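Participant: Here is a sequence with its predicted model. Questions after.
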Amino acid sequence: MLRYLRVTNFAILSDVSLELSDGFNVLTGETGAGKSLIVDAVALLRGGRASADIPRKGSNEAVVEAIFEVPDDLADRVARQLEAAGLPAEPELLVRRVIQRGGRSRTYVNGALTTAARLADLGAVLVDLSGQHQHQGLVDPKRHREILDSFAGCGELIDTMAEAYDGLSETRAALDALSGDAESIEDRIDYLRFQLDELDAAAPQPGEDEDLERQRAQLQSVDQLQNGSRTAEALAYSGDDAAVDRLASAAAALDRLAGIDARLDEPRRLLQEARTLAQEAAASLRDYAEDLDADPARLAEVDDRLALLARLQRKHGGTLTDVIARRDELRADLDRLTHRDSELAELALAHKKAQANAQAVARRITRERKKAAGRLAKQAGQALAELGMQAAELQVVVQALQLGASGADRVEVLLAANPGEAAKPLSKVASGGELSRIMLALKLVLRRADAVATYVFDEVDAGIGGATAEVVGRQIRGVANTRQVLCVTHLAQIAAFADTHFTVTKTIEAGRTETAVTRLDAVATRNEISRMLGGAKVTAQARAHAEQMLAAARRHDHRA
């Protein structure tokens, strides 16, 4: 749920914030005060596209920040999305969009930088936004199948279908790789043999390049190594005033003194051990210097071998390990192609079984979808009738489609708004009022199946009034019983049902437009409802009517 929203330097919104509550939050105010700008800001939090002219005049950037509390029933899904996006998981979800002048934007989730596309995936779970001219959420035909599957409870079947289709795709790809005309297969075999012969002739070994690099470094530095080791040997043993002589003198100096103070025994012993170690080191250095031998021929061999390995690495992979792995892959491919007849028979059988399995799961899903489609259409039709569209007929059409990861159906919600009219896609319903009511009816029916934390309704009351407006208020109240709702409205009949009421006001200060959002108490709510009923001049009759509306809404909640 959207707990906190702050918008700064966003068009005429210099700095406004809202702390939303559970249930039904309503936003009212005069036309042009900035209500829909707040909805636009929320749209950015669900990954919406940032406009170049969003930042307030005189500001380089606009900022939209929000804190979301994820409901328990959506926690696992949100956690999986955060993990997949590499974003930190926290008890609360902090989302921040920074929109620079010119349209560039930065997106943060829980303090980590991410992309608007990642936020859009996450935002689809956090917020569903509906407006008079917006075809999002339930109006988007791409989501109709997902919604019907949720309504039908097909989640596990869809997972099974995805696994079955993956198995089918794997066997199909393996068959394609082995199939084809004989000439192309023979060409492939010849190519594999050529590549494999080259690698077998080279016979690269794991770690060989590193060992050769060490050899080359030694062969290139023989003189330096000999001189250095001989110098070290002389300093330790054979030279004038060598270390072994000095150590022997030091130990002898302690011989007599140790008889006086036993604490000098240990230092004397260590000096004697050091002399012995220096002698051993000197012997090793002499042997090392004698063994070193400049070998130009061997150096040339090492250089040639390293050049060959480098060429193979460029051709087959970034490292020698990749080259060796590529050799194994080529050998496996060649073996498979040379014995392809028997493998083709096995793959054909596996593919046939995978196809039968996938088709069987798809048929089960189709049956569930068709059964659920009728229930969905009926329940949504009843909601539409309550909203004043008794003649409207809603259809959920399930049509055959090529088998895929989600089954073999195309799902679309259609509407015949009036008797005798053909059913049309929701996106083509022309009337704003009809579209608003259709969206509301579907959301009411699907609120338990549609996985979203917060519904935002932006002026869904367009084209309605009177008794229908009161029904819309009750319906939104019904949605708010299970999900958080933020609704922008001009109708008192809808606002009266709200749990929390905010009003947006606009003033002119020092030649600049300033917008404020105020959370209303009970008295202020009654006054705002009165204003919405009575216009500029609030009469006693308007106040009485407002009180009646609020009391009726409370009675409705009590009965519900």
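Facilitator: Yep, that arrived.
Participant: center of this protein, which residue is that?
Facilitator: Residue closest to the mean C-alpha point of the chain, counted by CA atoms, centre = their mean, is residue 85 at 3.6 Å.
Participant: give the contact list for residue 70.
Facilitator: 1, 78, 93, 126, 453 (CB atoms under 8 Å, 6 or more residues apart in numbering). Just so you know, the C-beta spots here come from the backbone N, C-alpha and C atoms, and that holds for glycine as well.
Participant: And for residue 271?
Facilitator: Residues near residue 271 by CB under 8 Å, 6+ apart: 247, 250, 251, 254.
Participant: top strand in the chain by residue count?
Facilitator: In the chain, with assignment by DSSP state E, the single longest strand is strand 393-404.
Participant: State the mean pLDDT of stretch 4-15.
Facilitator: Averaging pLDDT along stretch 4-15 gives 90.
Participant: wait, I meant stretch 47-62
Facilitator: 84.
Participant: and that stretch, how far from the chain's centre?
Facilitator: 24 Å (CA atoms, centre = their mean, to the nearest Å).
Participant: what does stretch 36-56 give?
Facilitator: Distance of stretch 36-56 from the chain centroid (CA atoms, centre = their mean) equals 20 Å.
Participant: first vs last residue of it, how far apart are they?
Facilitator: End-to-end distance of stretch 36-56 (CA to CA, to the nearest Å): 16 Å.
Participant: in the chain, which segments are predicted with low confidence?
Facilitator: The chain contains residues with pLDDT under 70 at 131-139, 180-183, 429-436, 447-451, 459, 462-463, 535-536, 557-560.
Participant: Centre of the chain to the longest helix anywhere in it, how far?
Facilitator: The residue-count maximum for a helix in the chain (DSSP state H) belongs to helix 340-386. Mean-position distance between helix 340-386 and its chain equals 28 Å (CA atoms, centre = their mean).
Participant: ok, now stretch 232-246?
Facilitator: Using CA atoms, centre = their mean, the offset of stretch 232-246 from its chain centre is 68 Å.
Participant: Buried ones in that stretch, by neighbour count?
Facilitator: Using 16 or more other CB atoms under 10 Å as the test for burial, stretch 232-246 gives 232, 233, 234, 235, 236, 237, 239, 242, 243, 244.
Participant: same deal with stretch 203-219?
Facilitator: 204, 208, 209, 212, 215, 216, 219.
Participant: In TSV, list the residues you listed along with secondary structure and distance to residue 475.
Facilitator: As requested, the buried residues of stretch 203-219 are exported to TSV (DSSP: H, G, I helix; E, B strand; the rest coil; distance: CB to CB, whole Å):
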residue	secondary structure	distance to residue 475
204	coil	72
208	helix	74
209	helix	72
212	helix	78
215	helix	82
216	helix	81
219	helix	86
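Participant: which residues in the stretch 101-250 of the chain form helices?
Facilitator: Counting by DSSP state H, counting those that start in this stretch, the stretch 101-250 of the chain has helices at residues 116-126, 144-152, 155-178, 182-202, 208-219, 222-233, 243-260.
Participant: The closest residue to residue 288 other than its chain neighbours and residue 19: what is the separation?
Facilitator: With CB to CB, 6 or more residues apart in numbering as the criterion, residue 288 has its nearest non-adjacent residue at 5.1 Å, and that residue is residue 229. Between residue 229 and residue 19 the distance is 77 Å, computed by CB to CB, to the nearest Å.
Participant: again, but for residue 121
Facilitator: Residue 121 is 27 Å from residue 19, by CB to CB.
Participant: now residue 352
Facilitator: 61 Å.
Participant: Residue 5 too?
Facilitator: 8 Å.
Participant: quick one, what contacts residue 442?
Facilitator: Residues near residue 442 by CB under 8 Å, 6+ apart: 138, 147, 380, 383, 413.
Participant: meant to ask about residue 62, not that
Facilitator: 7, 8, 9, 10, 11, 54, 55, 56, 98, 99.
Participant: ok, so of those residues, who is nearest residue 497?
Facilitator: Nearest to residue 497 out of those is residue 7 (CB to CB; 25.5 Å).
Participant: thinking again about what came up before, could you check the angle the longest helix of the chain makes with strand 393-404?
Facilitator: 170 degrees (axes from the mean of the first three to the mean of the last three CA atoms, to 10 degrees).
Participant: which other helices and strands contact helix 340-386?
Facilitator: helix 144-152, helix 155-178, strand 393-404, strand 407-416, helix 432-446, helix 466-480 (3 or more CB pairs under 8 Å, 6 or more residues apart in numbering; DSSP states H and E).
Participant: Next up, phi/psi of the residue nearest to the centre of the chain, please.
Facilitator: Dihedral pair for residue 85: phi -90, psi 0, per degrees, to the nearest 10.
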